[in-house]
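>>> Kindly generate the corresponding structure for this input.
(one chain, ligands or ions: 2)
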Amino acid sequence: MRIVVHGANGKVGQELLAQIDEAPDIALGEAIGGRSDLPSARFAGDLVVDFSAPTGTLALLESLRGTELPLVIGTTGFDDSVRAQIEAEAQRRPILIAANFTLGFEPFRHAAIQLARALPQARIIVGEVYKADKKPAASGTTQQLVADLSTPGHTPDTEIGRVGDTPGINTVTLDLGVCRIDLTMTVRSRAAYAAGALAAARWLHGRPPGLYSNSDMF
Ligand SMILES: NC(=O)C1=CN([C@@H]2O[C@H](COP(=O)(O)OP(=O)(O)OC[C@H]3O[C@@H](n4cnc5c(N)ncnc54)[C@H](O)[C@@H]3O)[C@@H](O)[C@H]2O)C=CC1
Ligand SMILES: O=C(O)C1=N[C@H](C(=O)O)C[C@H](O)C1
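Ligands and ions are numbered 1, 2, ... in the order given. Model (predicted):
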C-alpha cells in the first residue's frame, strides 16, 4: 500500500515518514508538507493520512474531490460544520477519524467508562498535559473522554496542562471523597500516534465508503 502523508513536516508527520520507511508492507506515495504544497499535490498513493490542522483538513478534502482515496484523519479541533463536511465526504470514500490513535486508548477509555458506571456518585475529572504550543482548549482526546463520561446533569471537570514538548498524558480521576481512583495513559513518543494511524490505514484500505472510528477496529 502506498500512503500519502498530509502534514508531513509536522511532529506526527515526521514520525509517519520514519515508520513508513521501515514498514515492509507500506511505501511512501507522497509527502505533502504544508499549506503551500497542497496545490501541486498529485496524491500518488492508495490512501491519505492527515495530521495537519482543521483548515488543512478542509483544504485537503477540497483537493481530493474527484478521487475516491481512503482517508485517515488524525487532525483534531474541528467545529461542527467541518465535522458535517467530513461526514458528507464519507459518502464518497472510506474515512477513519480518531482523536487519539495510541494503541491503548480504546481500552483506556472503556475502562474509564466501566468505572464511571460502577461509581455514579464519583466526581470525575478528565486531565491532560500536552506540548506548550498546543491550543489551550481541551484536546480532542479530552473532549472524547468528557463525552464518554457525561451523564444527564453531570459533565466531568477538566484540567488542562501545557508543558514543554509533552507528547501526551491523559488522566481520568474518579473522586469519592474518602478515596480516589486515577487512570493514566502516558504517551512517551509521538511514534505511538503514528503507529496507530498506520494500523488504521491498513484496516481502512479496501473498505467501502463510510465514516469509521478506531473503535470499529476492535
Ligand atoms: N489523533 C491522534 O492520535 C493525534 C492527533 N494529533 C493532531 O494532529 C494535528 C497535527 O499535530 P502535530 O503533528 O503535533 O502538529 P504540527 O504543528 O507539528 O504539524 C502540523 C502539520 O500540518 C501542516 N499544516 C498546518 N496547517 C495547515 C494547512 N492549513 N494546510 C496544510 N497543512 C497545514 C503543517 O505544515 C505541519 O506539517 C493536530 O491537530 C493534533 O491535535 C496529534 C497527535 C495525535
Ligand atoms: O496535539 C497533540 O499532540 C495531540 N492531539 C490530539 C488531541 O487533540 O487529542 C491527540 C493526542 O492526544 C496528541
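>>> Mind listing the strands the one helix or strand residue 129 maps to pairs with, and their directions?
Counting by DSSP states H and E, the element that carries residue 129 is strand 123-130. Here strand 123-130 is paired, per DSSP bridges, with strand 157-162 (parallel), strand 168-175 (antiparallel).
>>> With just CA atoms, put the helix or strand following that strand into PDB.
Per DSSP H and E, strand 123-130 leads on to helix 140-149 as the next helix or strand towards the C-terminus. These are the backbone C-alpha positions of helix 140-149, laid out as PDB (Å, rounded to 0.1, in the frame of the first residue of the first chain):
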ATOM      1  CA  GLY A 140      -9.900  16.100  21.000                       C
ATOM      2  CA  THR A 141      -8.900  13.300  23.400                       C
ATOM      3  CA  THR A 142     -10.200  15.100  26.400                       C
ATOM      4  CA  GLN A 143     -13.400  16.100  24.500                       C
ATOM      5  CA  GLN A 144     -13.900  12.400  23.600                       C
ATOM      6  CA  LEU A 145     -13.400  11.300  27.300                       C
ATOM      7  CA  VAL A 146     -15.800  14.000  28.500                       C
ATOM      8  CA  ALA A 147     -18.400  12.900  26.100                       C
ATOM      9  CA  ASP A 148     -17.900   9.300  27.100                       C
ATOM     10  CA  LEU A 149     -18.200  10.000  30.800                       C
END
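>>> Just the residues contacting helix 140-149, thanks.
By CB atoms under 8 Å, 6 or more residues apart in numbering, the list of residues contacting helix 140-149 from outside reads 76-77, 99-100, 105, 109, 112-113, 116, 124, 126-128, 138, 155-156, 158, 160, 168, 170, 172. (Glycine included, C-beta is placed from N, CA and C.)
>>> Show me what counts as buried in that helix.
For helix 140-149, the neighbour count (16 or more other CB atoms under 10 Å) marks 140-146, 149 as buried.
>>> give the contact list for the residue lying closest to residue 49 once chain neighbours are set aside.
Spatially, and ignoring its direct neighbours in sequence, residue 49 is nearest to residue 72 (4.6 Å; CB to CB, 6 or more residues apart in numbering). Contact analysis of residue 72 by CB under 8 Å, 6+ apart lists 47-50, 95-97, 197, 200-201, 204.
>>> ok, and does the helix or strand where residue 72 lies reach over to ligand 1?
Using DSSP H and E, the element containing residue 72 is strand 71-73. No - interface with ligand 1: strand 71-73 contributes nothing (CB under 6 Å from any ligand atom), its closest point being 7.9 Å away.
>>> Return the distance of that strand from the chain's centre.
9 Å (CA atoms, centre = their mean, to the nearest Å).
>>> Same check on stretch 44-61?
13 Å.
>>> avg pLDDT for that stretch?
In this model, stretch 44-61 carries a mean pLDDT of 97.
>>> That one close to ligand 2?
No - counting by CB under 6 Å from any ligand atom, ligand 2 is not contacted by stretch 44-61; separation bottoms out at 8.9 Å.
>>> and residue 47, what are its phi and psi?
phi -160, psi 150 (degrees, to the nearest 10).
>>> That one is in contact with residue 201, isn't it?
Yes - counting by CB atoms under 8 Å, residue 201 is a contact partner of residue 47 at 5.4 Å.
>>> Spell out which residues are contacts of both of the two.
With CB under 8 Å, 6+ apart as the test, residue 47 and residue 201 both reach 1, 3, 70, 72.
>>> from these, which is closest to residue 18?
residue 3 (12.7 Å; CB to CB).
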